[in-house]
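Enquirer: With the input below, show me the fold.
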Amino acid sequence: MEEAHKEKHLLPSPSLDLQLSISVPSECALKMEPSSCVEALQYQTAEQRRLAAMEKAYAERVRELTRREMELAHSEFSRARSMWETAQEEVQRAETLKERATNSPFMDITCHSCRQRFKPN
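Expert: Residues are numbered from 1 along each chain as shown. Okay, here's the model as predicted:
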């Protein structure tokens with residue numbers, strides 16, 4: 001799980017504000033030739049596509065890291081559940097042994113106050 005956290009911190013964090021609107025720059029409308037305006041718009045579009053591709057790659061990487069973390073958490077939870085079940089079984093065995101010990105013929109020999117001290121709740 002620590003490995004996934006380390007990987008997450010190594011990722012560059014690109015800006016999430018892509019500003020994908022396409023508009024004709026004011027200098028195109030006033031000063032430039034139509035072909036220059038087309039080139040400016042093409043450049044702007046290419047830049048926005050590049051930013052969108054970077055954002056998509058980043059989102060996919062984060063999604064993959066999140067999936068890995070979920071798998072690790074599920075695995076750890078399963079292991080913890082198994083440990084808890086084992087502990088419950090051990091407690092049950094200990095309670096059974098205690099019950100047998102307090103109901104044994106040896107307890108009949110012991111005094112009443114000692115029996116109360118060892119008696120299960």
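Enquirer: where's Phe77 relative to Gln88, distance?
Expert: The gap separating Phe77 from Gln88 is 16 Å, by CB to CB, to the nearest Å. Using the backbone N, CA and C atoms, a C-beta is placed for each residue, glycine as well.
Enquirer: Check Gln116 too.
Expert: The spacing between Gln116 and Gln88, counted by CB to CB, is 27 Å.
Enquirer: do Arg100 as well
Expert: The value you get for Arg100 to Gln88, if CB to CB is used, is 19 Å.
Enquirer: And the longest helix along the chain, what does it pack against?
Expert: Ranked by residue count and defined by DSSP state H, the top helix of the chain is helix 34-102. Under the contact criterion of 3 or more CB pairs under 8 Å, 6 or more residues apart in numbering; DSSP states H and E, helix 34-102 touches helix 2-10, helix 26-30, helix 112-118.
Enquirer: Rounded mean pLDDT for the second one, please.
Expert: Averaged over helix 26-30, pLDDT sits at 55.
Enquirer: now do stretch 52-72
Expert: Stretch 52-72 shows an average pLDDT of 97 in the prediction.
Enquirer: Can you list the buried residues in it?
Expert: By neighbour count on 16 or more other CB atoms under 10 Å, the buried set for stretch 52-72 is Leu65.
Enquirer: Please report how far Gln42 lies from Tyr58.
Expert: Distance, Gln42 to Tyr58, using CB to CB: 25 Å.
Enquirer: Apologies, that question was intended for Cys114.
Expert: In this view, Cys114 and Tyr58 are 70 Å apart by CB to CB.
Enquirer: cool, and Ala101?
Expert: Distance, Ala101 to Tyr58, using CB to CB: 63 Å.
Enquirer: In this protein, where is pLDDT below threshold?
Expert: Filtered on pLDDT under 70, the chain yields the residue ranges 1-32, 34, 104-110, 112, 115, 117-121.
Enquirer: same thing but 80
Expert: The model of the chain has pLDDT under 80 over residues 1-35, 101-121.
Enquirer: Run a quick neighbour tally on Glu39.
Expert: For Glu39, the number of neighbouring residues by other CB atoms under 10 Å comes to 13.
Enquirer: try the one 5 residues further on
Expert: Under the neighbour criterion other CB under 10 Å, Gln44 is assigned a count of 15.
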